[in-house]
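Asks: dropping a prediction and its sequence here:
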Amino acid sequence: MSFKISSAWRPSLGSPVHTDGRGLDIKELRLTWDGRREEAVFNNVNKDRDESPLAKKFTDTLWENRSNTGVNQVIQPWRWVNVKNEPKYTNDHPVNQLSKNLGKHKIETDHLNHLHVGVWNK
Ligand SMILES: [Zn+2]
C-alpha cells in the first residue's frame, strides 16, 4: 500500500489540527492486493469523478474505527463528517455521520482535492 501525502505537520500554516501535528492530508492511495491494483485519487475539483470503491472503503474504515484510533475528522471530496453541532452545517449534515460533500461550505470546497484526517487533541 502506498500513499501520496500532501501535508502533515505544518509549523505555522493553516488549521490548528495541522500546526499541532494531528492532521494528515492524503492525495492518493494505491493498494495491490491478491494481484489486483486499486487506487483512490481524492480529487473531484471538476466535480466529474465518483468516489472509487477503495476511497469509500478507506473513508468508512477511518470513521467506523474512530473510537479505537482517536480520529475525529474525515473530510474528502465526496463525503465528510460534521463533528460539531454548528447550525451552519447541521441542516445539510447530521452530526457524527459521514454525509455528502455538497461543495457548498468552505470546509467542503477546501477539501475537493484531498482527504483530510484529524485526531482528537487529548
Ligand atoms: Zn488537512
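Replies: All right, it came through fine.

Asks: flag every residue of the chain that's near the ion.
Replies: Within the chain, the residues that sit near the ion (CB under 5 Å from the ion) are Gly23, Asp25, His116. C-betas here are computed from N, CA, C, even on glycine.

Asks: any idea which of the residues you listed is the one closest to Asn72?
Replies: Gly23 (10.5 Å; CB to CB).

Asks: do you know the pLDDT at that closest one?
Replies: You'll see Gly23 listed with a pLDDT of 95.

Asks: looking at the protein, what residue ends up closest to the ion?
Replies: Here the residue of the chain nearest the ion is His116; by CB to the ion that distance is 3.4 Å.

Asks: in the host helix or strand of Phe58, what's buried?
Replies: Using DSSP states H and E, Phe58 maps to helix 53-64. Going by neighbour count (16 or more other CB atoms under 10 Å), the buried part of helix 53-64 is Leu54, Ala55, Lys56, Phe58, Thr59, Leu62, Trp63.

Asks: same question for stretch 40-51.
Replies: For stretch 40-51, by 16+ other CB under 10 Å, it's Ala40, Val41, Phe42, Asn44, Glu51.

Asks: and the furthest pair within these?
Replies: Ala40 and Asn44 (11.6 Å).

Asks: and the residue of the chain closest to the ion, what does it touch?
Replies: Val17, Gly23, Leu24, Asp25, Ile26, Gln73, Val74, Ile75, Gln76 (CB atoms under 8 Å, 6 or more residues apart in numbering).

Asks: pLDDT for the buried residues of helix 53-64 - can I get that in CSV?
Replies: Formatted as CSV, the buried residues of helix 53-64 follow (pLDDT from 0 to 100):
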residue, pLDDT
Leu54, 96
Ala55, 97
Lys56, 98
Phe58, 97
Thr59, 98
Leu62, 97
Trp63, 97
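
Asks: what's the closest of those to Ser7?
Replies: Of all the buried residues of helix 53-64, Leu62 has the smallest distance to Ser7: 16.6 Å, by CB to CB.
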